[in-house]
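Following is a predicted model, sequence given first.
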Amino acid sequence: MKINDLPKEQIDNLCNYRCDWFVEKHEGPWIWSDVLKWNNPEFLNIEGYAILLPLDTKHHQNITILRCIPSQNDEVITIFLKDTTYYSGIDAGFLAICERVFGEKGYLATVYHEWYLVEKT
């Protein structure tokens, strides 16, 4: 799934959503129209789901999915991930809560927070 392949109505709808984005001590909520304006986000395929995170595509190669937890009815997916684009240490963890807004398999992050990753030793 690609953003440019979405119908205009879905892109317009996407622009009205907000993302509670808390990264590097800056918190939102940010409106998705601004995310699209200032970043170059694109869908990630995570365990068969098309997930749109508020990240530039340059992050994709540095993302490791730690856990992907769909809700019982598949309306919401909780994702724990590691993004080493700017950090290589233990503090590179993020939590994303994504809601289904793009048909059967398309999800939009409405919460994206930094968290302190605790890895097993």
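Happy to help now that I have it. Note that this is a predicted model, so its numbers are computed, not measured.

What is the least confident helix or strand in the protein?
strand 26-27 (a mean of 68; mean pLDDT, DSSP states H and E).

Provide a list of residues in contact with the closest residue to residue 3 other than its chain neighbours.
Of all residues not flanking residue 3 in the chain, residue 42 sits nearest, at 6.2 Å (Cβ to Cβ, 6 or more residues apart in numbering). In short, each C-beta sits where N, CA and C put it, glycine included. Residue 42 makes contacts with 2, 3, 52, 57, 60, as judged by Cβ atoms under 8 Å, 6 or more residues apart in numbering.

Residue 112 is in contact with the third one, correct?
Looking back up the chat, that one is residue 52. No: with contact defined as Cβ atoms under 8 Å, residue 52 does not count as touching residue 112 (10.5 Å).

C-terminal to the least confident helix or strand of the chain, what's the next element?
strand 30-31 (DSSP states H and E).

List the strands paired with that next one, with their directions.
Strands adjacent to strand 30-31 in the sheet, as given by DSSP bridges, are strand 18-23 (antiparallel).

returning to that earlier point: can you check the contacts of residue 42 and name whichever has the most neighbours?
Counting neighbours by other Cβ atoms under 10 Å, residue 52 comes out on top of the contacts of residue 42 with 26 neighbours.
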